[in-house]
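In: I need the structure of the sequence given here:
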Amino acid sequence: QERIVEEAARARQRERAKAYGRHDQIRNRRMQLSSRFEMQRIAHQEYLMQDFINLIQSELEQTEEIERDIARLDQLEAEHVERIRQLQ
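Out: Numbers count the residues shown, from 1 in each chain. So this is what the prediction gives:
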């Protein structure tokens, strides 16, 4: 009878050790996933920041092009006004 009790105790210990092992595996997997998700979140944030910077740069380039066009048109207008004065 004592032997049966000892074997049952050893069996419980083995089961407990297996449960702890599974718990450790689950915890390690969860930590790996959390780490990977955090890296993905950071990468996505960096992508969004770069996209925003590119958008602002594109708008700035368009604004500069429009300002150059306005300056050219102002110059043409001044030349036309000068020609009209000369013709009068």
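
In: can we go C-alpha only for contacts and neighbour counts from here?
Out: Will do.

In: Please enumerate the helices of this protein.
Out: All helices of the chain, identified by DSSP state H, fall at 2-87.

In: Against L73, how distant is the spatially most central residue of it?
Out: Nearest residue to the geometric centre of the chain (Cα atoms, centre = their mean): H44, 1.6 Å. For H44, the distance to L73 equals 43 Å [Cα to Cα, to the nearest Å].

In: I'd like the mean pLDDT over stretch 50-63, please.
Out: Per-residue pLDDT values over stretch 50-63 give a mean of 98.

In: How about stretch 12-20?
Out: So the average pLDDT for stretch 12-20 ends up being 90.

In: chain center to it, what's the gap?
Out: 42 Å (Cα atoms, centre = their mean, to the nearest Å).

In: residues in contact with that stretch?
Out: The contact list for stretch 12-20 (Cα atoms under 8 Å, 6 or more residues apart in numbering) is empty.

In: count of neighbours near A8?
Out: Number of residues near A8 (other Cα atoms under 10 Å) recorded here: 12.
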